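Enquirer: need a structure here:
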Amino acid sequence: MKEEEIQSILDKLKNEEIHEFLVKKEDFMQFRSHLVKRPDFKHFRGVAQRGGDVLFYYDKEPRK
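Expert: Purely as a prediction, here's the structure:
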């Protein structure tokens, strides 16, 4: 997964163009490394799935 692709996905989640995105286990660390650099990082919520994949959502309210 390339940086441009990750940023595009995160922007689409934020802008509600997509409501969720499934990150495969093998892409998780690379995806997360870009996610934590964003100023709106705390708005993203990841829900672990069976097998190591993570389903990401964007919340209007940041977590505490």
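Enquirer: what about the longest helix in the chain?
Expert: Using DSSP state H, we find that the single longest helix of the chain is helix 3-14.
Enquirer: just want the most central residue of the protein.
Expert: Phe56 (4.7 Å; Cα atoms, centre = their mean).
Enquirer: can I get the CA coordinates of stretch 21-39 in CSV?
Expert: Extracted C-alpha coordinates of stretch 21-39, given in CSV (Å, rounded to 0.1, in the frame of the first residue of the first chain):
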residue,chain,number,x,y,z
PHE,A,21,-12.3,0.7,5.2
LEU,A,22,-10.9,-2.8,5.8
VAL,A,23,-7.1,-2.8,6.3
LYS,A,24,-5.5,-6.3,5.8
LYS,A,25,-3.2,-7.6,8.5
GLU,A,26,-0.2,-7.4,6.3
ASP,A,27,-0.9,-3.6,5.6
PHE,A,28,-1.8,-2.6,9.1
MET,A,29,1.6,-1.3,10.4
GLN,A,30,2.2,0.8,7.2
PHE,A,31,-1.3,2.1,7.3
ARG,A,32,-1.0,3.0,11.0
SER,A,33,2.3,4.7,10.6
HIS,A,34,0.6,7.3,8.3
LEU,A,35,-2.6,7.5,10.4
VAL,A,36,-0.8,8.5,13.6
LYS,A,37,0.9,11.5,11.8
ARG,A,38,-2.4,13.1,11.0
PRO,A,39,-3.7,15.9,13.2
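Enquirer: quick one: contacts of that stretch?
Expert: By Cβ atoms under 8 Å, 6 or more residues apart in numbering, the surrounding residues in contact with stretch 21-39 are 1, 3, 6-7, 9-10, 12-13, 41, 44, 46, 49, 51-56. Just so you know, the C-beta spots here come from the backbone N, C-alpha and C atoms, and that holds for glycine as well.
Enquirer: so for Ser33, what's the pLDDT?
Expert: pLDDT for Ser33: 97.
Enquirer: for this structure, which segments count as helices?
Expert: Going by DSSP H, the chain shows helices at 3-14, 28-35.
Enquirer: nearest to Arg63 among these would be which one?
Expert: Among the helices of the chain, the nearest to Arg63 by Cβ to Cβ is helix 28-35 (13.2 Å).
Enquirer: chain center to the closest one, what's the gap?
Expert: Remark: helix 28-35 is offset 8 Å from the chain centroid, using Cα atoms, centre = their mean, to the nearest Å.
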